[in-house]
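[1] any chance you could fold what I've pasted below:
(chains A, B and C)
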Amino acid sequence: MKQVTHEIQIATHGKGLYEFTSQIERWLSGQHPQTGLLTVFCRHTSASLVIQENADRDVVADLADFFARLVPEDTRLYRHTAEGPDDMTSHIRSALTNTQLSIPIHQGELALGAWQGVYLFEHRDHPHRRSIVLHLLMDS
Amino acid sequence: MKQVTHEIQIATHGKGLYEFTSQIERWLSGQHPQTGLLTVFCRHTSASLVIQENADRDVVADLADFFARLVPEDTRLYRHTAEGPDDMTSHIRSALTNTQLSIPIHQGELALGAWQGVYLFEHRDHPHRRSIVLHLLMDS
Amino acid sequence: MKQVTHEIQIATHGKGLYEFTSQIERWLSGQHPQTGLLTVFCRHTSASLVIQENADRDVVADLADFFARLVPEDTRLYRHTAEGPDDMTSHIRSALTNTQLSIPIHQGELALGAWQGVYLFEHRDHPHRRSIVLHLLMDS
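    Next comes the predicted model:
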């Protein structure tokens, strides 16, 4: 067995879900794991990770709308407002989703289901470069 | 060290939480890990995973009720309605809980606390067969 | 490669977020991992884990307030009330956050971002000793 780490950057331009499954798979395909565990870690507290359906784009739009309703950008609700009305809401929306995901590699394939994609959930309005660390444990 | 993967199926018959801790432990007991890390991965976006108290059945009933109130089945709220009123809500409820859980094996035992059980949280009304991939890293 | 497990205790005195990043790093620094994966597991269903901003204390206060509003301590909403008004809400708040977190070790450092800290989120009013299991996979 061996382990490898790798850092990738994802450019975002405003709130929403950005699929990066193919970016992960491109890196993985150079490693040829037969059995393994891939961990995806988001180094931010105002963007997060989620595995969602990637067949119908409406799903991620509805998901983003739900979080907008659940965690309103009403600065009267928060103490931490110095970084703008979309900052504290970003921390809360991140806490409700994931900072980290681990996905087994089973029979030479990432164990994602037929309709599962890996998304970065950007919670801020302004463009950002988000840093994601990948850790792969695999048969050598 | 070595790693092993295994796929299990869980039959569901409507919404609710289905404990499968004993199914996990049955498989683990054939592997005899002393130290390790078990990862449980749900290959679906309309069912999810949660670790919850397994002492009082009321806990999981209250938990299911909470999610029913938080994510209402009101199709006016969603674009993605073609697969029924319980589909988009399933994706949201999955995003709020977990697609993956990893549990250490410490001193020969899964590190679950005294009252912790591992549950599949089914969000759809119709019966489904849910596929769960287990990944075990262990001392060989 | 090798793996090590370790159990730590965190004393809490009422609801709120307790950062324990330095406690994790103290243990890690005795292990000298260059590449690895650290898994943090909370053995309770009325306390949970979250990675949040540790620069401004207002962030975790706002986060705690949000969960207090989202999951109200109104016993009329729940069946499971025998352990007090703060018990069922604790289970729900735990389900909405995390029981487990895994963090890569990349180039000799925990991959936490500049402002990320690891917190225990205590959901109960009374003092508790919370048990956390750490699992480390590392180059030997």
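[2] so where do the strands sit in chain A?
    For chain A, strands defined by DSSP state E occupy the ranges A:2-13, A:16-19, A:36-42, A:47-53, A:100-106, A:109-110, A:116-122, A:127-138.
[3] in TSV, list the ones you listed along with mean neighbour count, distance to chain B and mean pLDDT.
    The C-beta positions use only the backbone N, C-alpha and C, and glycine is treated the same way. Output for those, formatted as TSV (neighbours: other Cβ atoms under 10 Å in any protein chain shown; distance: least, Cβ to the nearest Cβ, whole Å; pLDDT from 0 to 100):
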stretch	mean neighbour count	distance to chain B	mean pLDDT
strand A:2-13	15	10	98
strand A:16-19	18	10	98
strand A:36-42	26	5	98
strand A:47-53	25	4	97
strand A:100-106	24	4	98
strand A:109-110	16	10	96
strand A:116-122	24	6	98
strand A:127-138	19	7	98
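[4] find the centremost residue of chain A, please.
    A:Leu49 (2.5 Å; Cα atoms, centre = their mean).
[5] need the contact list for A:Gln52.
    Going by Cβ atoms under 8 Å, 6 or more residues apart in numbering or on different chains, A:Gln52 touches A:17, A:59-60, A:63, A:116-117, A:119, B:45, B:91, B:94-95.
[6] name the nearest residue to A:Ile105, ignoring sequence neighbours.
    Leaving out its chain neighbours, the residue that sits closest to A:Ile105 by Cβ to Cβ, 6 or more residues apart in numbering or on different chains is A:Gly36, at 3.8 Å.
[7] just to revisit the earlier point, tell me which of the strands of chain A sits nearest to B:Glu53.
    strand A:100-106 (23.7 Å; Cβ to Cβ).
[8] listing partners with orientation, what would you give for that closest one?
    In the sheet, strand A:100-106 lines up against strand A:36-42 (antiparallel), strand A:109-110 (antiparallel) (DSSP bridges).
[9] residues contacting the first one, please?
    The set of residues external to strand A:36-42 that reach it, using Cβ under 8 Å, 6+ apart, is A:24, A:28, A:48-49, A:98-105, A:110, A:118, A:120, A:130-139, B:3, B:39, B:135, B:137, C:37, C:102-104, C:111.
[10] do the same with the last one
    With Cβ under 8 Å, 6+ apart as the contact definition, strand A:109-110 has outside contacts at A:24-25, A:28, A:38, A:103-104.
[11] picking up where we left off before, thought the residue nearest to the centre of chain A was touching A:Val118?
    Yes: between A:Leu49 and A:Val118 there is a contact under Cβ atoms under 8 Å: 7.0 Å.
[12] and of the strands paired with strand A:100-106, who's closest to B:Arg69?
    Closest among the strands paired with strand A:100-106, using Cβ to Cβ: strand A:36-42, at 29.0 Å.
[13] and A:Ser46, what does it touch?
    A:87, A:90-91, A:94, A:123-124.
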